[in-house]
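Student: Next input, structure requested:
(3 chains)
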Amino acid sequence: MDFIQSIDWIGILKCFVVGGIICIIGQILIDKTKLTPARILVIFVTTGAILGGLGIYKYLIDFAGAGATVPLLGFGANLAKGAMQEVKTAGLLGAFTGGVKASAGGIAAAVFFGYLASLIAKPKIKKQ
Amino acid sequence: MERLGAQTIKLQNPPTIVEVASIVGPKEGQGPLAKYFDQCLEDEFWGEKTWEKAESKIIKETVNSVITKSGVPADQIDYCFAGDLLNQCISSSFGLRELNIPFFGVFGACSTFVESLCLGSIFVDAKAARNVLCATSSHFCSAEKQFRFPLELGNQRPPTSQWTVTGSGAAVVGENGSGPYITMVTPGKIVDMGIKDANNMGAAMAPAAVDTLITHFRDTGRKPSYYDMIITGDLGYVGKEIVCELTETKGYNIKNNYEDCGVLIFDKEKQDTHSGGSGCACIGVTFSGYFFKQLKDKKLNRILLVATGALTNATTSQQGESIPGIAHAVAIETSIN
Amino acid sequence: MKPIETKQEYSNYVDQKSPNSPILKNCFNAFWVGGLICTIGQIIMDFCKFKGLDETASSTIVSIVLIAISAILTGLNVFNKIGKFAGAGSLIPITGFANSIVSPAIEYKSEGYVMGVGGKMFTVAGPVLVFGISASVIVGIIALLFM
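Tutor: Numbering: from 1, shown residues only, chains lettered A, B, ... in the order given. Just a heads-up that it's a prediction; the model follows:
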């Protein structure tokens, strides 16, 4: 109960709107260009890394929270942020370890759950 | 055999399509042509472990069925012409490896069914064979896996995309019989008008269909109205309209007696198949299921069957190549004059 | 209509003949589904912080939970239906990344666990890691130069 009372509803609204708008940008790319899903994901992750590297993306994260971190832009920005932080303590080595370290959870989860799902699930046809 | 004009072959002793068979998947079994197919499967795996094995089983069972139905003893079927969409035509060669009939693997992408009929009927007309078997198959799931994306990927299909038909069509063509006869054969040229969008195969193949149609009319001196029905393979809604308009610019009007199997096989609204059906089996099962019965019942007496194929694969489209199209035509008539 | 001779003419003609995607409807669906996925992430995030976890740990947990949900929905053959409806709405959030790893893993299971699942798992999502990680290394090196 305490948790529900603690929710910042304005924050949730900002998150919803910003997350939604980022997805609209993706949808326009899908419909207006002939880019494949893989290319669109690459565009988003790279753009995120650049925006993160330039220090711009953190303002969006401050504003929208998960609305900015959950889209792949956030994944890219997180990679860049990790590399930049690690460089401060480990120098050049940090450029190589920082990015993956910061997003290790996501990458490992995707690989692990992917493997797990393949053990259990069977390919099925799309019904539509 | 006699050559007419640039590309057409007139068969002197027109072979008969003795019998046909068709097996389709569940989605086709819910479509508007369901009642015409020999068998509609309950699920896409049909008891097999992989999509590829399932497709092989479908073509194998269709071929067994057509041989049984035709009443032609297997030892009087001299050659088999078959092909499909999977790399190295594995569905046909694996499905038919126990058939024990000399085998020609044929690849013409989705034009394979008519390509097989062209070659088979020429063999029979030339007395090189008493009976031949022509077969083809395609499977939505194996085709998606090979040409596009994993089935579980949550992507959207654009409105121009087509739905690969799951199924197999097979025909026995023989020297003896009372029709329907294959009277003319017009093999097509490869035509590439520069379309690169793998989600718009109808537009990529339409120019090839137009080229073969016009060539057929010029070579034979026939008019579109000679045929009760002109049938293309899998151009879908987009490609069909393009063919109608482009043939008109060349001075031939086919609007009144033209159908496309990709348009016929699914219900666009209810089944959400966008621009229609595609795949080798599209014309294979629609001819074997629907049109053959129309010919047998003399509801149609002269048809021009034009199968279209997109000669592309995943590598060429990644390398930015355009999609070459091809179309082969056979004229099928219930009487010879 | 005039006869079409060149590839360029044909290309223009085809563009005009091909139906367009219903972009407004697609954008609307992408907006609310994408927004909803982010909101679920935000609630998980708030909950983690409520339980006393720091920003970084909470953010990682959000990713892991959303990825796990996507993997389950992909395995249940539900994710592709969501994806068909929502388009970029489920593709652009981390859920799309998860789906693009899990879907080939399931699809290529028929080629065995090592070369099928293991080898093909990154056919769609591999480029995301290649470009994302490379970009982060470059950003790191540039940051070092400016330090």
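Student: And for C:C48, the neighbour number?
Tutor: 19 (other C-beta atoms under 10 Å in any protein chain shown). Any C-beta I mention is one placed from the backbone N, CA and C, and that applies to glycine too.
Student: In contact with it: list those residues for me.
Tutor: C:A57, C:S58, C:I61, C:V62 (C-beta atoms under 8 Å, 6 or more residues apart in numbering or on different chains).
Student: where's the third one relative to A:G106, distance?
Tutor: Read that as C:I61. Plainly put, C:I61 is 10 Å away from A:G106 if you go by C-beta to C-beta, to the nearest Å.
Student: still on that earlier bit, which of the contacts of C:C48 are buried, as a PyMOL select command?
Tutor: This is how PyMOL selects the buried members of the contacts of C:C48, with burial counted by 16 or more other C-beta atoms under 10 Å in any protein chain shown:
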select buried, chain C and resi 58+61+62
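Student: Using JSON lines, lay out the contacts of C:C48 together with distance to B:Q271.
Tutor: Formatted as JSON lines, the contacts of C:C48 follow (distance: C-beta to C-beta, whole Å):
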{"residue": "C:A57", "distance to B:Q271": "47"}
{"residue": "C:S58", "distance to B:Q271": "45"}
{"residue": "C:I61", "distance to B:Q271": "42"}
{"residue": "C:V62", "distance to B:Q271": "38"}
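Student: I'd like the contacts of C:C48 as a markdown table, with distance to B:V306, pLDDT and secondary structure appended.
Tutor: Listed next are the contacts of C:C48 as a markdown table, based on distance: C-beta to C-beta, whole Å; pLDDT from 0 to 100; DSSP: H, G, I helix; E, B strand; the rest coil:
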| residue | distance to B:V306 | pLDDT | secondary structure |
| --- | --- | --- | --- |
| C:A57 | 64 | 94 | helix |
| C:S58 | 62 | 95 | helix |
| C:I61 | 59 | 96 | helix |
| C:V62 | 55 | 96 | helix |
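Student: Of the contacts of C:C48, just say which sits nearest to C:I37.
Tutor: If you rank the contacts of C:C48 by distance to C:I37 using C-beta to C-beta, C:V62 comes first, at 10.7 Å.
Student: Run a quick neighbour tally on residue 105.
Tutor: Just so you know, I chose chain A. Going by other C-beta under 10 Å, the residues that sit close to A:G105 add up to 18.
Student: you looked at the wrong chain, it should be chain B
Tutor: The burial count for B:G105: 16, using other C-beta under 10 Å.
Student: On the three-state scheme, the closest residue to it other than its chain neighbours is what?
Tutor: With C-beta to C-beta, 6 or more residues apart in numbering or on different chains as the criterion, B:G105 has its nearest non-adjacent residue at 4.7 Å, and that residue is B:C89. Here B:C89 is recorded as helix under DSSP: H, G, I helix; E, B strand; the rest coil.
Student: measure B:C89 to B:R222 for me?
Tutor: 33 Å.
Student: Write out the residues of the stretch 1-150 of chain B neighbouring chain C.
Tutor: Residues of the stretch 1-150 of chain B found near chain C (C-beta under 8 Å from any C-beta of the partner chain) are B:K49, B:T50, B:W51, B:E52, B:K145, B:F149, B:P150.
Student: Any chance of the backbone angles for the third one?
Tutor: The main-chain torsion angles of B:W51 are listed as degrees, to the nearest 10 and equal phi -60, psi -40.
Student: Which stretches in chain B count as helices?
Tutor: Using DSSP state H, the helices of chain B run over B:51-70, B:90-95, B:112-125, B:140-147, B:201-220, B:236-249, B:261-264, B:268-271, B:280-285, B:292-296, B:314-318.
Student: Can you say which of those helices is nearest to chain A?
Tutor: Closest to chain A of these is helix B:140-147 (C-beta to the nearest C-beta; 5.6 Å).
Student: Pull out the buried positions in the helix or strand containing C:K49.
Tutor: In this assignment (DSSP states H and E), C:K49 forms part of helix C:23-50. By 16+ other C-beta under 10 Å, the buried positions in helix C:23-50 come out as C:23, C:26-27, C:29-49.
Student: what's near enough to touch A:F3?
Tutor: C:D46, C:F47, C:F50.
Student: Quick one: these as a markdown table, columns for pLDDT and distance to B:T112 too.
Tutor: Formatted as a markdown table, the contacts of A:F3 follow (pLDDT from 0 to 100; distance: C-beta to C-beta, whole Å):
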| residue | pLDDT | distance to B:T112 |
| --- | --- | --- |
| C:D46 | 94 | 58 |
| C:F47 | 95 | 57 |
| C:F50 | 93 | 62 |
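Student: near chain A too, which of these?
Tutor: Applying C-beta under 8 Å from any C-beta to these, one finds that C:D46, C:F47, C:F50 fall near chain A.
Student: List the contacts of the spatially most central residue of chain C.
Tutor: The residue lying closest to the centre of chain C (C-alpha atoms, centre = their mean) is C:G96, at 2.5 Å. C:G96 sits next to A:P37, A:L41, A:L72, B:G154, C:S70, C:G83, C:S90 when contact means C-beta under 8 Å, 6+ apart.
Student: For A:C23, see how far away it is.
Tutor: 10 Å.
Student: Then B:S288?
Tutor: 45 Å.
Student: What's the local residue count around the closest residue to chain C within chain B?
Tutor: Closest to chain C within chain B is B:G154: 1.8 Å, counting by C-beta to the nearest C-beta. B:G154: 28 surrounding residues under other C-beta under 10 Å.
Student: who are the neighbours in contact with it?
Tutor: B:G154 sits next to C:74, C:79-84, C:86, C:90-91, C:96, C:99, C:103 when contact means C-beta under 8 Å, 6+ apart.
Student: Quick check on those: which are buried?
Tutor: Of those, these count as buried by 16+ other C-beta under 10 Å: C:74, C:79-84, C:86, C:90-91, C:96, C:99, C:103.
Student: Distance check, the residue of the stretch 151-300 of chain B found nearest chain A against B:G221.
Tutor: For the stretch 151-300 of chain B, the residue closest to chain A is B:D272, as judged by C-beta to the nearest C-beta, at 4.6 Å. B:D272 sits 43 Å away from B:G221, taking C-beta to C-beta as the criterion.
Student: Please say which of those two ends up with more neighbours.
Tutor: B:D272 (14 against 9).
Student: neighbours around the closest residue to B:W163 other than its chain neighbours, how many?
Tutor: Nearest residue to B:W163, sequence neighbours excluded (C-beta to C-beta, 6+ apart): B:T273, at 4.1 Å. B:T273 has 25 neighbours, counted by other C-beta under 10 Å.
Student: what does the one 10 residues further on give?
Tutor: Neighbours of B:I283 under the rule other C-beta under 10 Å: 34.
Student: Now do it against B:A307, distance only.
Tutor: 5 Å.
Student: shared neighbours of these two, anything?
Tutor: B:C110, B:F113, B:V114, B:T232, B:G233, B:D234.
Student: wait, what's in contact with the closest residue to chain B within chain C?
Tutor: Scanning chain C for proximity to chain B using C-beta to the nearest C-beta identifies C:G83 as nearest, at 1.8 Å. If a contact means C-beta under 8 Å, 6+ apart, then C:G83 has B:L153, B:G154, B:N155, B:Q156, C:S90, C:L91, C:G96, C:N99 as its contacts.
Student: Tabulate the contacts of C:G96 in a markdown table, adding columns for pLDDT, distance to A:V100 and secondary structure.
Tutor: Listed next are the contacts of C:G96 as a markdown table, based on pLDDT from 0 to 100; distance: C-beta to C-beta, whole Å; DSSP: H, G, I helix; E, B strand; the rest coil:
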| residue | pLDDT | distance to A:V100 | secondary structure |
| --- | --- | --- | --- |
| A:P37 | 89 | 23 | helix |
| A:L41 | 95 | 17 | helix |
| A:L72 | 96 | 16 | helix |
| B:G154 | 92 | 26 | coil |
| C:S70 | 97 | 21 | helix |
| C:G83 | 96 | 27 | helix |
| C:S90 | 97 | 25 | helix |
